[in-house]
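Novice: predicted structure and sequence below. I'll ask about it afterward.
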Amino acid sequence: MSAAAIQVDPPASASAGAVNPWVIAILVAVASFMEVLDTTIANVALPYIAGGMGVSEDEASWVVTTYLVANAIILTASSFLARRLGRKPFFLICLGAFTLSSFLCGFAPNLNALLLCRILQGFGGGGMVPVAQSILADSFPPAKRGQAFAVFGVAVVVAPVVGPTLGGWLSDNVSWQWCFLINVPVGVIALALIALVLHERPTARAETRRQQQGVRFDTVGFMLIATFLGALEVVLDRGLEDDWFGSSFIVTFTAICALAFVLMIPWGLTRRNPIIDLRMVATRQFGACFLVMLATGAILLATTQFLPQLVQQDFGYTATWAGLVLSPGGAVTMVMMFVVGRVAAKVQPKYLIVAGAVLCGLSMYAMTNVYGDLGFWFMARSRMLLGVGLPLIFVPIMAASYDGIEPSRTDQASALINAARNTGGSIGVSIVSNVLTHREQFHQSRLVEQVIPSNLQYQDTLQRITSFFAGHGSSLAQAHDQAIQWIGQQVQAQASYLAYMDAFWVLMLISLAAVPLALMLRTIKLGGAVHVGH
């Protein structure tokens, strides 16, 4: 491996010109916030969408799946398209498509039209986020990149937290259509302002055109990678609902996913200009960053989806209060993003990532003590601890992933890192869904073994609860039936608690798996030259 230290003089292709680069950072972060928000905002609105469209909730769940699949597919082509069209034009096209499709989603007359609009929305949003990240990388000098990525990190980490709360409130108090229409005014304003303030230097445009001369779009590579990621998203998102390999649909998509994966490796490694340079993932620095981002996406999306589900299902919280459980953690995350943005210029990324992974693991460990008497602030505190840990991973990992990457390949790096975050989120949600389903069945079967007439503890409990209901006005026969029903409910509740404990144990192990990966990262020069290696 050869390596050389070079000084990257930003901006490379998209720059602020006379405009303060922080203005650009805020604008692209706002646009990215709306895109990432749409990965979770529709989840809680599915019952409302199903009722409004006259379809089942299972059919309505394709509203989420199609968006994720479209996101995964366009990520693979975003690097080439950004270079061919220019980052600014491509970003504006994606933002315009996302805004227009959001408007069309709000007025879709039926489910098929809504799914078509969600696909267009996924294409627009999926292309926008990696380009936003590479714009930030090239608009700021290395010493400032940590702070710039902190602004972007607020969008990517906080948006999934805000999504369920905002989606539930809009669905309850306005209508589910506003889960999509809310993007329109923000998108239009962002579109106009970005068109005004974001400039590409003429020399950068000329350099991009020179680099693209004779470079053809890798159609076969695009089809293979898009098929792999798209099929993987379908399998992960639909597997549990369709009974995994008991379903011919899941078996077919698994076979397609595996075949595309087997074919894309040799194809990508032997092309001169592949659509995605898979060799980057094989390097120590970027490969470790890629895997850590997979784990980060899994923790972020899984906890965001299942913590509200836990408090609603087992603690009787409303949708609004379930969202509020996440809110203190979101506030801590926003503050920590900017703190870590400053610290990242002085501390090696690998040490920050280790600290963040340990804190995330401690947060998940705290949640393994879940039981029925826990209050709001126990849940909120565990989420706040997670809110401290995630920025310690997210900001350094984005900065570290660009170390050793030539400026001409920052778009590919952005695409791969965002693909890792999206895919990791889907993997995390799928793993936790399966753990909850199968472990709840396991624990319930074990607990039921003790609920038998010959068990003295069962007899004593049945007698006490029967006396309780009889003392509150029920006849002896009614009290006996009520006692049996109450015991059954307790068995089910305890099985659910135990299943969530197992799920949080799994998430803790995923968090701690990032520690050895982070220690693999090389020491980089802070606030100065960018290390480029092959």
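Specialist: All right, it came through fine.

Novice: check the offset of the longest helix along the chain from the chain's centre.
Specialist: Across the chain, the longest stretch assigned as helix under DSSP state H is helix 476-519. Taking C-alpha atoms, centre = their mean, to the nearest Å, the mean C-alpha location of helix 476-519 is offset from the chain mean by 24 Å.

Novice: check which helices and strands it is in contact with.
Specialist: helix 284-315, helix 349-367, helix 410-448, helix 456-471 (3 or more C-beta pairs under 8 Å, 6 or more residues apart in numbering; DSSP states H and E). Glycine gets a C-beta too; all of them are placed from N, C-alpha and C.

Novice: that helix to helix 284-315, inter-axis angle?
Specialist: Per axes from the mean of the first three to the mean of the last three C-alpha atoms, to 10 degrees, the angle that helix 476-519 makes with helix 284-315 is 170 degrees.

Novice: ok, Ala108 - contacts?
Specialist: Leu114, Cys117 (C-beta atoms under 8 Å, 6 or more residues apart in numbering).

Novice: just the one 5 residues further on next, same as before
Specialist: Taking C-beta under 8 Å, 6+ apart as the contact definition, Ala113 lies against Leu104.

Novice: that one belongs to a strand?
Specialist: No. Counting by DSSP: H, G, I helix; E, B strand; the rest coil, Ala113 falls outside a strand, being helix.

Novice: do you know how far it is from Phe103?
Specialist: 13 Å (C-beta to C-beta, to the nearest Å).

Novice: repeat that for Met367.
Specialist: Going from Met367 to Phe103 by C-beta to C-beta gives 39 Å.

Novice: also Pro266?
Specialist: From Pro266 to Phe103 the distance is 43 Å (C-beta to C-beta).

Novice: how about low-confidence regions in the protein?
Specialist: 1-19, 57, 142-143, 145-146, 200-215, 319, 407-408, 411, 526-534 (pLDDT under 70).

Novice: how many other residues sit next to Ile189?
Specialist: 14 (other C-beta atoms under 10 Å).

Novice: scratch that, Ala137
Specialist: Neighbour tally, Ala137, other C-beta under 10 Å: 29.

Novice: that one belongs to a helix, doesn't it?
Specialist: Yes. Per three-state DSSP, Ala137 lies within a helix segment.

Novice: in this structure it contacts Glu406, no?
Specialist: No. When contacts are counted by C-beta atoms under 8 Å, Ala137 is not listed as touching Glu406 (11.7 Å).

Novice: quick one: contacts for Met384?
Specialist: Pro328, Gly329, Val332 are the contacts of Met384 under C-beta under 8 Å, 6+ apart.

Novice: what is the nearest of these to Val158?
Specialist: Using C-beta to C-beta, Gly329 comes nearest to Val158 of those, at 9.3 Å.

Novice: nearest residue to the closest one other than its sequence neighbours?
Specialist: Closest residue to Gly329 apart from its sequence neighbours, by C-beta to C-beta, 6 or more residues apart in numbering: Arg383 at 3.3 Å.

Novice: swap in Thr461?
Specialist: Ile487 (6.5 Å).

Novice: now stretch 87-106: buried residues?
Specialist: 87-88, 90-92, 94-106 (16 or more other C-beta atoms under 10 Å).

Novice: so which of these sit within helices?
Specialist: Those of those lying in helices (DSSP H): 87-88, 90-92, 94-106.

Novice: between the helix or strand that Leu232 is a member of and helix 410-448, what angle do the directions make?
Specialist: Element membership of Leu232, judged by DSSP states H and E, is helix 219-238. Angle of helix 219-238 versus helix 410-448, following the same axes, to 10 degrees, is 20 degrees.

Novice: give me the buried positions along helix 219-238.
Specialist: Under 16+ other C-beta under 10 Å, the buried positions of helix 219-238 are 221-238.

Novice: C-terminal to it, what's the next element?
Specialist: Helix 219-238 is succeeded, C-terminally, by helix 248-270 (DSSP H and E).

Novice: and that following helix with helix 219-238, angle?
Specialist: Using the same axes, to 10 degrees: helix 248-270 against helix 219-238 is 140 degrees.

Novice: for helix 248-270, which residues meet the burial criterion?
Specialist: Ile250, Phe253, Thr254, Ile256, Cys257, Ala260, Phe261, Leu263, Met264, Trp267, Gly268.

Novice: ok, now which ones touch the first one?
Specialist: With C-beta under 8 Å, 6+ apart as the criterion, the residues that contact Ile250 are Val235, Arg238, Gly239, Asp242, Asp243, Trp244.

Novice: what's the distance between it and Ala97?
Specialist: When Ile250 is compared with Ala97 (using C-beta to C-beta), they lie 30 Å apart.

Novice: quick one: Asp403 from Arg522, how far?
Specialist: Distance from Asp403 to Arg522, by C-beta to C-beta: 8 Å.

Novice: pretty sure His480 contacts Thr466?
Specialist: Yes. Using C-beta under 8 Å, His480 is in contact with Thr466, at 5.1 Å.

Novice: okay, these two: which has more neighbours?
Specialist: Neighbours were counted for His480 and for Thr466 using other C-beta under 10 Å; Thr466 has more, 21 against 17.

Novice: do I have it right that that one meets Ala477?
Specialist: No. Taking C-beta under 8 Å as the definition, Thr466 is not a contact partner of Ala477, at 9.8 Å.

Novice: thinking again about what came up before, can you redo the buried residues of helix 248-270 as CSV with distance to Val354?
Specialist: Supplementary listing: the buried residues of helix 248-270 in CSV, determined by distance: C-beta to C-beta, whole Å:
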residue, distance to Val354
Ile250, 37
Phe253, 37
Thr254, 35
Ile256, 38
Cys257, 33
Ala260, 35
Phe261, 31
Leu263, 37
Met264, 32
Trp267, 36
Gly268, 31
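
Novice: of these, closest to Arg83?
Specialist: For the buried residues of helix 248-270, the nearest to Arg83 is Gly268 (17.2 Å; C-beta to C-beta).

Novice: the residue lying closest to that closest one once chain neighbours are set aside - how many residues pack around it?
Specialist: Excluding its sequence neighbours, the residue lying closest to Gly268 (C-beta to C-beta, 6+ apart) is Leu278, at 4.1 Å. Neighbour count of Leu278, defined by other C-beta under 10 Å: 19.

Novice: what's in contact with stretch 182-196?
Specialist: For stretch 182-196, contacts defined as C-beta under 8 Å, 6+ apart pick out 24, 27-28, 30-31, 34, 37-38, 88, 91-92, 95-96, 98-99, 102-103, 106, 166, 170.

Novice: Asp403 and Arg522: which is more packed in?
Specialist: Neighbour count, other C-beta under 10 Å: between Asp403 and Arg522, Asp403 has more, with 21 against 16.

Novice: ok, and the closest non-adjacent residue to that one?
Specialist: For Asp403, the spatially nearest residue (C-beta to C-beta, 6+ apart) is Ile524, at 4.8 Å.
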